Structure formats: C-alpha cells, structure tokens
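[1] need a structure here:
(one chain, ligands or ions: 2)
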Amino acid sequence: MKRYSGFNLVKNALNYNEHWQKVWRSPTPKERYDIIVVGGGGHGLATAYYLAKEHGITDIAVVEKGYLGGGNTGRNTTIIRSNYLWDEAAHLYELALKLWEGLSQELNYNVMFSQRGVLNLGHNLQDMRDIERRVNANRLNGIDGEVVSPRRIKEIAPLINISPNCRYPILGASWQPRGGVARHDAVAWGYARAADAMGVDILQQTEVTDISVKNGIVEGVETNKGFIRAQKIACVPAGNSGVVAGLAGLRLPVESRPLQALVSEPLKPCLDTVVMSNAVHGYVSQSDKGDLVIGAGVDGYNGYGQRGSFHVIEHTLQAICELFPAFSRVRMNRQWGGVVDTCPDACPIISKTSVEGLYFNCGWGTGGFKATPGSGFVFADTVANDRAHPLAKAFGLDRFNTGALIDEHGAAGVAH
Ligand code: FAD
Ligand code: PYC
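    Numbers count the residues shown, from 1 in each chain. Ligands and ions are numbered 1, 2, ... in the order given. Reported below is the predicted structural model:
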C-alpha cells in the first residue's frame, strides 16, 4: 500500500486535480452548428446525446447560461416513477423508466438509479378511489403497481405512523416497486460526457439573449459570446421557457413558479423507499449519503426566485412529522428553490412551433426529472425528423387550441 507523508497530503490537496482528465471539453463556440440546444440541464443534454447517438447528428452545441445541471436538474428531489393516469403520459414516462433501467450501462457512468419503490399515500376515501383508478389504468398499460394497505405500508416504511387517530390517517397507498431515485447531477454529467465524446460542443456560461427569426425561419441565437447560426434550435430551458419563447416572439401557456426542497443532516439508514402524499403536500426519501430529502408544493405565486422560505419549510415539515413522528428530532441542513414551468394540464410541451426550425421541450413542471431520458429520446427524434415522435404527438402546442388536454394533476399532484 502506498504511504502518504504529511507533505504529500498537503501537495495533493493543493494540486491533485490538475492531472485529472477533463470529463468534457470547453470549446470555443463555432460560428455555425446544425443544431443548437438551449439549456444544459438533463433534458437538453439527453436531447443532444440521442441526436448524436440515434440520428448521427453531431454538429450540435448545447448552450447553457450557467453550469451544467445548475437548474432544476441539480435542485430536484429525484423521484422517478411512471404511474401516470392517462395512456399518453403513462407511455411517455414508462419509456423513460425503461431507459433509466439501463442508463448507467448505456452511458458507462453510474447515475445511481435505485429502484427502491414509490408509495403515494391516500388519506381519505376520494384519495383511495383515485389511487385505485390510477393503479388499474397503470396495470392495463403494463406498468407495475399495486394498491397496498396501511399494514403493508408499515412493512415497507417501518417509521411511518399508521395510527387511525393521527391528523392525516393513512387509508392505503399506490405502490410502484420499479420507481425510485437517481443521483441528479450524475445524470447531467453522464449525458454530457457521452455527448461530448460523440463531438457535441458543450458551451457553459453562454446565455441566449435573443433568437433571430427571418421570414418565419430561425437563423441563430445571440449570446453573451456572440451570434451563433443554426438550422434548428431546440429549446429546453425549463423554468425559463416563457422567457426564451419570448425571445422568438412566441407566448407559451406556461406559468413559472418556485418549488422548494430541503435536506436534513445525514442519518443512519432508516427509510428505504420514497413516500409521497398529495394531501399533506410533502414527500421524503433518504439519500445514499443518509440525508432525508424532503420536498414541498409549489409556491402560491409566480416568480423566478431559486431560494427557500421559512413558511414553506414549516408547512412541509409539519406534514412530514405527522407522517414520521421520529423525524421531529432531526436537524435540517439546507434549503433551496428551483423554478418550474407548469402547463394548465400538468403535462409537458414537446413540439414544433410556428417558427420553422424552432422547437420547444418544456412545461414539465414539478415532475420532469423522472422523464429525463424519455424526454431527450423523443425530443431528439422530433427535432431530427421535423415531426412529432409518436409518443410526443399528444404533447404538441396544438392541444391548447384543440382542447385535447391531458389532465395529469392527480398523478403530478404532490407538488403541483
Ligand atoms: P433544468 O435543469 O432547469 O435545465 C434548463 C437549463 O436551461 C438550466 O440549466 C438553465 O440555466 C438553462 N437556461 C435557461 N435559460 C437559458 C438561456 N437563456 N440561455 C442558456 N441557457 C438557459 N421532477 C421529478 O420527476 N421528480 C422529483 O422528485 C422532482 N422534484 C423536484 C423538486 C424541486 C425542488 C424542483 C425545483 C423540481 C423538481 N422536479 C422533480 C422537476 C424537475 O426538476 C424538472 O422538471 C426537470 O429537472 C427539468 O429538467 P431540465 O433539464 O429541463 O431543466
Ligand atoms: O413528480 O414525482 C414527482 C415529484 C415528486 C416531487 C416533486 N415531483
């Protein structure tokens, strides 16, 4: 075994990472690309990856105003499941879940996908009717799901309070065993590394400040590093989708609202699954590091603040402590917010636009992390072929004119 002297320790602490191989390049922007992807979150990076891998298009720049994964990708509570009610949404999220199941191997990068199961609790008769309907619909779609009793919930999550006398008595739950969590920033890093290896340019600290459109056709984007031309522009800017659409003169049916989360001090393993409750507006899992990862509902107002606030934390922790009385003695470490873009039907937009060569993938609201691989896959196909992928068809912008909305408020409910 190699022995380190005190000197070596200090030397390594100061310059050890100088010799590390960079995981992706930091190229100078070219004047022109075939495709520009706006937004270097998980969805944007996955889009670039599948464009290169599935469609052989590698002349791509991913343009990110901050750092990779610094938006909602790195701010979410990482819950992954596919138990949506309507066929269109269930098929899309199930494609994503199937891709999650092979993602670490596909990217040769450990995204720490852990299928520890997801419980959605029911606290009243209407909750239980909704849960039964959703589980039945899921099973008809070949998606795993069960309705479970309070006793079974207690076996899965022993610290939970199933007393009928508590403020929010638990009557049952839906249980999706294939659901779980993943390491959020590893997802961005894994897709970035794999896309970069196929020749995609990843441009961080590069903000799109204008989108140039001439005679109804996109020409390129203005950025803080100069103008970049492109034949196609694929926008995946999550909480900023309304703002970015405005740069091209478009209005999207989205509202941007802060969504908050917090983590506790690390604990010994005590919760081996994910627990969500629409009625109390809280959800909790335990990270592999030991922290309790806890999330809230969206703030009751529109805004772009990426920070936490005490009243939301108090409200959320009241609910979590009702469900898990033992957690009342745990100290909380950090809180933050992310900005989510929500559509009126709690479903995403994956669509061409009225501007030729301009595409949007947004509106995932409070629930897009779980969709990351599927979203990138179908959006890449849509952009490459200039028509909706079959699974994206129902999520076009035209549904807001035709009225063919897909109301997923029930399945998205916990944070919406
Ligand atoms: P982002 O990671 O936000 O990527 C968009 C990127 O676009 C950002 O990096 C941003 O900087 C960049 N950008 C914006 N404007 C510009 C511009 N003008 N120029 C260049 N770049 C630009 N979903 C789940 O499925 N499960 C959960 O448990 C869950 N929990 C959540 C908890 C919280 C607190 C929050 C905030 C969200 C949660 N979500 C969850 C939702 C999920 O995080 C998002 O739907 C998903 O991460 C969106 O992915 P993205 O890659 O599109 O977004
Ligand atoms: O969509 O599963 C979800 C979710 C959980 C917390 C926030 N969103």
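[2] Quick check: residue 360 is in a strand.
    Yes - remark: residue 360 belongs to a strand, assigned using DSSP: H, G, I helix; E, B strand; the rest coil.
[3] Which strand residues bridge it?
    residue 235, residue 351 (DSSP bridges).
[4] Please look at it and residue 354 and confirm they touch.
    No - with contact defined as CB atoms under 8 Å, residue 360 does not count as touching residue 354 (11.0 Å). For the C-beta atoms, the positions are set from N, CA and C on the backbone; glycine is no exception.
[5] Which of these two has more residues huddled nearby?
    Higher neighbour count among residue 360 and residue 354: residue 360, with 27 against 11, using other CB atoms under 10 Å.
[6] Now do the contacts for the more buried one.
    235, 236, 241, 245, 252, 349, 350, 351, 353, 397 (CB atoms under 8 Å, 6 or more residues apart in numbering).
[7] Give the next helix or strand downstream of the strand or helix carrying residue 262.
    Taking DSSP states H and E as the criterion, residue 262 maps to strand 255-266. Going down the chain from strand 255-266, the next helix or strand is strand 274-277, by DSSP H and E.
[8] chain center to the very next helix or strand once past that following strand: distance?
    Sequence-wise, the next helix or strand downstream of strand 274-277 (DSSP H and E) is strand 282-286. In terms of CA atoms, centre = their mean, to the nearest Å, the centre of strand 282-286 is found 16 Å from the chain centre.
[9] Return the alpha-carbon coordinates of strand 282-286 using PDB.
    Only the C-alpha atoms of strand 282-286 are listed here, as PDB (Å, rounded to 0.1, in the frame of the first residue of the first chain):
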ATOM      1  CA  GLY A 282     -44.900  16.500   1.200                       C
ATOM      2  CA  TYR A 283     -42.500  13.800   0.000                       C
ATOM      3  CA  VAL A 284     -39.500  12.300   1.500                       C
ATOM      4  CA  SER A 285     -36.700   9.800   0.700                       C
ATOM      5  CA  GLN A 286     -33.300   9.100   2.200                       C
END
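[10] Partner strands of it and their direction?
    Note on strand 282-286: by DSSP bridges, its sheet partners are strand 274-277 (antiparallel), strand 291-298 (antiparallel).
[11] that older thread, and the strand holding residue 262, which residues are buried?
    255, 256, 257, 258, 259, 260, 261, 262, 263, 264 (16 or more other CB atoms under 10 Å).
[12] if you go through the stretch 1-150 of the chain in chain order, where are the strands?
    Under the criterion DSSP state E, counting those that start in this stretch, strands of the stretch 1-150 of the chain are mapped to 32-38, 60-63, 79-80, 118-122, 146-148.
[13] Also the stretch 301-416 of the chain?
    Going by DSSP E, counting those that start in this stretch, the stretch 301-416 of the chain shows strands at 332-342, 349-352, 358-362.
[14] list the helices and strands the second one packs on?
    Right, strand 349-352. strand 358-362, helix 372-385 (3 or more CB pairs under 8 Å, 6 or more residues apart in numbering; DSSP states H and E).
[15] And the contacts of it?
    Strand 349-352 is contacted by residues 241, 252-254, 343, 358-363, 375, 378-379, 382, 386-389, 392, 395-398 when judged by CB under 8 Å, 6+ apart.
[16] ok now it, how far from the chain's centre?
    Taking CA atoms, centre = their mean, one finds strand 349-352 lying 17 Å from the centre of the chain it belongs to.
[17] Return the most buried member of the strands paired with strand 282-286.
    Per-stretch averages of neighbours, counted by mean count of other CB atoms under 10 Å, single out strand 274-277 among those, with a mean of 25.
[18] Work out the gap between that strand and the centre of the chain.
    Distance, centroid of strand 274-277 to centroid of chain: 17 Å (CA atoms, centre = their mean).
[19] Stretch 70-86 now?
    With CA atoms, centre = their mean, you get 4 Å for stretch 70-86.
[20] likewise stretch 154-165?
    29 Å.
[21] Pairing-wise in the sheet, spell out the partners of residue 201.
    The partner residues for residue 201, given DSSP bridges, come to residue 61.
[22] State the distance from it to ligand 2.
    Residue 201 sits 31 Å away from ligand 2, going by CB to the nearest ligand atom, to the nearest Å.
[23] ok, back up a step: burial-wise, tell me which of the helices and strands packed on strand 349-352 comes out on top.
    Ranked by mean neighbour count, the helices and strands packed on strand 349-352 are led by strand 358-362 with a mean of 27 (mean count of other CB under 10 Å).
[24] what angle do it and strand 332-342 make?
    140 degrees (axes from the mean of the first three to the mean of the last three CA atoms, to 10 degrees).
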